[in-house]
Structure formats: structure tokens, C-alpha cells
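In: Structural data only, the sequence is not supplied:
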């Protein structure tokens, strides 16, 4: 279970694998995945028939922590590399 925009929102909010629905990272990721209160917030799930069918909610995407594990394995190294590149270029 991986949604890239939602995963990056999770990392941005410093989410951890033991996140809970009350944590700020969970709230930010859920808003990214399902759409936030803003009328300009586009839900990531709305743009993908696969995600909508397989994971209709952020709770379903979470899959007992599998989402956070995949984000840590696949997106965290990429995010860190991009952050380092930005620091070098600046």
C-alpha cells in the first residue's frame, strides 16, 4: 500500500511507524489521501481508480502500519536525497 503524495505528506509531518489516528502525521496524511477541509484540496485517492478500489480510506491504506513501513523503505531515502541536493544547491 503506497500513495506517493500521501507518503511524502507523512514524511513531511515526521510520521513514525507507530503512528495513531490522533497524531499530526496521521491527520496530515489522511487529509492528503482523502481530501482536506479546503475546497482546493484534491484527494489523492480521487485521482486513482486503483487506490479508490483497493484502499478507499486512509485507514485502509494504513493496513496495520504497512503504509508507514513502505514509505520508510521506498520514499524516505528518496526524500532525504532530494533534501541533501537542495542544501548543496543553495
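Out: Looks like it arrived, so ask away. Because the structure is predicted, anything quoted here is derived from the model rather than measured. Numbering: from 1, shown residues only.
In: Name the nearest residue to residue 12, ignoring sequence neighbours.
Out: residue 28 (7.1 Å; CB to CB, 6 or more residues apart in numbering). For the C-beta atoms, the positions are set from N, CA and C on the backbone; glycine is no exception.
In: give the contact list for the one you found.
Out: Listed by CB atoms under 8 Å, 6 or more residues apart in numbering, the contact set of residue 28 reads 9-10, 12-13, 15.
In: hmm, who's touching stretch 65-77?
Out: The set of residues that contact stretch 65-77 without belonging to it, under CB under 8 Å, 6+ apart, is 1-4, 6-8, 10-11, 15-19, 61-62.
In: Can you select the buried ones from those residues in PyMOL?
Out: The following PyMOL command selects only the buried members of the contacts of stretch 65-77, with burial defined by 16 or more other CB atoms under 10 Å:
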select buried, resi 1+2+3+6+7+8+10+11+15+19+61+62
